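A.B. asks: have a look; sequence and predicted model below, questions after that.
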Amino acid sequence: MFFLIYLTNPFNPQGPKRFFLRRKNESLREIAFKELVQSKETIVSYHLENLFLVMSSNGYLCRGLDLIDVCQAYKLLYGRPFKGKMGDEPWNIWCLIRKQKDDLKYIKEIRECIYGIKTLQEKELLKRIDIFFSLLEQLWQQAIKQLKKTDEYDRYIKLEKPVNEMLLEKHLDGIKISQQRLRGRLDVLDKKISTTSRSLKEEYGIRDLSNPGEIVSVLHKYGVEVLSDQKKHLEDTLDFYAEQLRLPRLLKLYRDSKRDKDILLRLGGINAARIHPVYKCFGTVTGRILIESPSLQNLKRENRDIIEPDVGKIFLYPDYSQFEPGIMASEAQDKILINDFNNGDLYVSLSVKLFGDLKCRRLAKLLFLAFCYGMTMERMAQILIHSNSESLGEKEKVIRNFFGRYQRLIKWKTSIESELLRNKKIGTVLGNYRYRDCRGKQLSYFEKRWVISQRIQGTASVILKEVILRIKRELTDVDILIPMHDALLVQVPIDKAQRLQGDIEQIFKNEFIKVCPVIKPRISFSPFVENKESEKL
């Protein structure tokens, strides 16, 4: 094992760069880039996505590096969301070093040297790098102790570390895009933004479409119940009502189009046939993989056709059906819910019960998940009275008759809340604990929402990452491009697609059953792109 410090500016990856290695109890030495990418030893470093950004910008492709990212380990240990400024995250290398050596001037000087902002004489530079090495070694030794103490070590070594290595390699490979289709998509989005903006201002008097407060106020004015007082749930509100009411439908179309345009503009600015997005292996507190620069996971289906398979390849898009309810049924050991899951479609059943029509499955899905993550039956009834002429009492009765059958699930949700209150943390089948920030004797409304999410979505992230590792290990012809929450975009050789689809489906099923043995998982292979050129206004 050796420790690596790299001197390169992540904002100028093609600028000057130097690489230094040091083993424990040895002197540091400078190495060439070629020696680094051919290494067979374990490399301990920090913010490896910045290092791989340099690699991709300079045309280096490397396979099989044994990598440990100290910052990733500390992010796993942190166990809560961070809401501060970018660069001030507790797992950021400079914040970690600050705790080790409380000398702000010294830390700033080291950072400026590494980023090429400041120049020092060689002797002084090497002296500071040597101290940096000592601090990096200390951080990793402390991380090992903390990972073992908090039962996170196995998760980091067996799951997060290998998945991160695979995603770093994927960054180097990049993803093929069509600049021609990209320009066409931008033209379509411009028209949608212009049309919806004009309608929202003229029909509903919304002056500032970037102001969530004004949007919430206008929604209330026109009788639309916001799902929560927290403005961050505005998107859920719009998603919920978009099929029923014109105002939220226009707002959703406007905001979705703006977001997709922002994503696609980044691709247009690159003006290249391939993009190299940054993959965050432990992107959220629940362990989900996030893709940044650009945020491809957030693209609407109709705008995804800018992504292309490589020559001789075809896309497959395996997707878990009712992923979270299946995990929840298994966790709660609710026999009725398990039976309903294994023998039908939960969302279709709810759609028929509530609306007398299976066509409202999408809306029923939102309701089912809202119930699972803490929404009361009374609240669900209140927001549903827009859908037809039924009274509040009639709607609540239907909801209670449907969800009231799952008594074991309701008791399980209460037991999970008690576990968080008792242990001050909640985890998954493989670590990934989230900790309480407050010391109250009762859980807050916010804690009651995230405690179920941490267990269920955290478990979902484990299952999908195990799927990723098995595919990488066993199906060498399968190239994983974009992990989603419950799905993967992969490309495979056209002549092997049929066989590989069966192999992928079996891996999806097997990894789900390992965690949820009483559930019969269903995997669909839906199109990654939805041809939907116009929106109903």
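C.D. replies: Okay, I see it. Numbers count the residues shown, from 1 in each chain.
A.B. asks: phi and psi next, for the residue lying closest to residue 280 once chain neighbours are set aside.
C.D. replies: Nearest non-adjacent residue to residue 280, counting by CB to CB, 6 or more residues apart in numbering: residue 290, 4.3 Å away. Heads up, the C-betas are built off the backbone N, CA and C, glycines and all. Residue 290 has phi and psi values of phi -120, psi 150 when expressed as degrees, to the nearest 10.
A.B. asks: give the contact list for residue 290.
C.D. replies: Taking CB atoms under 8 Å, 6 or more residues apart in numbering, we find residue 290 in contact with 279, 280, 283, 284, 297.
A.B. asks: so how far is residue 55 from the third one?
C.D. replies: With distances taken as CB to CB, to the nearest Å, residue 283 is found 21 Å from residue 55.
A.B. asks: neighbour count: those two, which is higher?
C.D. replies: Per other CB atoms under 10 Å, whichever of residue 283 and residue 55 has more neighbours is residue 55, with 20 against 17.
A.B. asks: quick one, helices of the stretch 101-250 of the chain?
C.D. replies: Using DSSP state H, counting those that start in this stretch, the helices of the stretch 101-250 of the chain run over residues 104-114, 122-149, 153-155, 161-173, 179-204, 212-221, 234-241, 246-270.
A.B. asks: so which of those helices gets nearest residue 464?
C.D. replies: Closest approach to residue 464 among these is made by helix 161-173 (9.5 Å; CB to CB).
A.B. asks: pLDDT (mean, whole number) over that closest one?
C.D. replies: Averaged over helix 161-173, pLDDT sits at 94.
A.B. asks: got the contact list for the residue nearest to residue 292 when sequence neighbours are not counted?
C.D. replies: Once flanking residues are discounted, residue 292 sits nearest to residue 278: 4.7 Å by CB to CB, 6+ apart. Residue 278 sits next to 49, 53, 171, 291, 292, 293 when contact means CB under 8 Å, 6+ apart.
A.B. asks: repeat that with 6 Å
C.D. replies: By CB atoms under 6 Å, 6 or more residues apart in numbering, the contact set of residue 278 is 49, 292, 293.
A.B. asks: how far away is it from residue 173?
C.D. replies: Between residue 278 and residue 173 the computed distance is 13 Å (CB to CB).
A.B. asks: and residue 462, how many neighbours?
C.D. replies: Residues within reach of residue 462, counting by other CB under 10 Å, total 22.
A.B. asks: again with the one 4 residues further on
C.D. replies: Residue 466 sits with 20 neighbouring residues when counted by other CB under 10 Å.
A.B. asks: which residues touch it?
C.D. replies: residue 511.
A.B. asks: now the closest residue to residue 419 other than its chain neighbours: phi and psi?
C.D. replies: The spatial neighbour of residue 419 that comes closest, neighbours along the chain excluded (CB to CB, 6+ apart), is residue 426 at 6.1 Å. Here is the backbone geometry of residue 426 (degrees, to the nearest 10): phi -140, psi 140.
A.B. asks: burial count for residue 45?
C.D. replies: Other residues close to residue 45 by other CB under 10 Å number 22.
A.B. asks: who's it bridged to?
C.D. replies: residue 69 (DSSP bridges).
A.B. asks: ok, residue 459 - contacts?
C.D. replies: 327, 428, 429.
A.B. asks: swap in 10 Å and give it another go.
C.D. replies: 286-287, 323-324, 327-328, 330-331, 427-430, 432, 515-516 (CB atoms under 10 Å, 6 or more residues apart in numbering).
A.B. asks: top of the contacts of residue 290 by number of neighbours, please.
C.D. replies: residue 279 (23 neighbours).
A.B. asks: state the number of residues packed around the residue lying closest to that residue once chain neighbours are set aside.
C.D. replies: Excluding its sequence neighbours, the residue lying closest to residue 279 (CB to CB, 6+ apart) is residue 167, at 3.7 Å. By other CB under 10 Å, 22 other residues sit near residue 167.
A.B. asks: mind listing what residue 167 touches?
C.D. replies: Per CB under 10 Å, 6+ apart, neighbours of residue 167: 48-49, 52, 277-281, 289, 291, 468, 480, 483.
A.B. asks: give me that answer again for 8 Å
C.D. replies: Contacts of residue 167 by CB under 8 Å, 6+ apart are 279, 281, 289.
A.B. asks: for residue 524, same thing?
C.D. replies: Applying CB under 8 Å, 6+ apart to residue 524 gives the contacts 318, 319, 321.
A.B. asks: mind checking pLDDT for the second one?
C.D. replies: Looking at residue 319, its pLDDT stands at 97.
A.B. asks: state whether it is indeed within a helix.
C.D. replies: No. Read with DSSP: H, G, I helix; E, B strand; the rest coil, residue 319 is strand and lies in no helix.
A.B. asks: ramachandran coordinates for the closest residue to it other than its chain neighbours?
C.D. replies: Spatial nearest neighbour of residue 319, chain neighbours left out: residue 487 (3.8 Å); criterion: CB to CB, 6+ apart. Here is the backbone geometry of residue 487 (degrees, to the nearest 10): phi -150, psi 170.
A.B. asks: number of residues surrounding residue 487?
C.D. replies: 21.
A.B. asks: 42 is where my numbering starts, stick with that
C.D. replies: OK, 42 is where the count begins now, so the last one is residue 528.
A.B. asks: and it, how far is that from residue 495?
C.D. replies: 21 Å.
A.B. asks: ditto for residue 144
C.D. replies: The value you get for residue 144 to residue 495, if CB to CB is used, is 37 Å.
A.B. asks: ok, these two, which is more surrounded?
C.D. replies: Counted by other CB under 10 Å, residue 144 and residue 495 do not tie: residue 495 has more neighbours, with 26 against 12.
A.B. asks: returning to what we had before: which among the contacts of residue 500 gets closest to residue 83?
C.D. replies: For the contacts of residue 500, the nearest to residue 83 is residue 471 (21.9 Å; CB to CB).
A.B. asks: pretty sure residue 409 sits against residue 391.
C.D. replies: Yes. Between residue 409 and residue 391 there is a contact at 5.6 Å, judged by CB atoms under 8 Å.
A.B. asks: how about TSV for the contacts of residue 319, with neighbour count added?
C.D. replies: Below are the contacts of residue 319 laid out as TSV (neighbours: other CB atoms under 10 Å):
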residue	neighbour count
90	20
333	13
334	16
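A.B. asks: narrow these to those in helices?
C.D. replies: Cross-referencing the contacts of residue 319 against helices under DSSP state H gives residue 90.
A.B. asks: need the contacts of residue 319 in CSV (columns: pLDDT and distance to residue 114).
C.D. replies: Shown next, in CSV, are the contacts of residue 319 (pLDDT from 0 to 100; distance: CB to CB, whole Å):
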residue, pLDDT, distance to residue 114
90, 90, 14
333, 90, 20
334, 85, 23
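A.B. asks: and the contacts of residue 319, which is closest to residue 446?
C.D. replies: For these, the residue nearest residue 446 by CB to CB is residue 333; the value is 41.7 Å.
A.B. asks: how far away is the closest one from residue 501?
C.D. replies: From residue 333 across to residue 501, the span is 20 Å (CB to CB).
A.B. asks: circling back to that earlier point, the contacts of residue 500 in helices, which ones?
C.D. replies: 364, 365, 368, 369, 371, 372, 556.
A.B. asks: among these, which ones are buried?
C.D. replies: 364, 365, 368, 369, 371, 372, 556 (16 or more other CB atoms under 10 Å).
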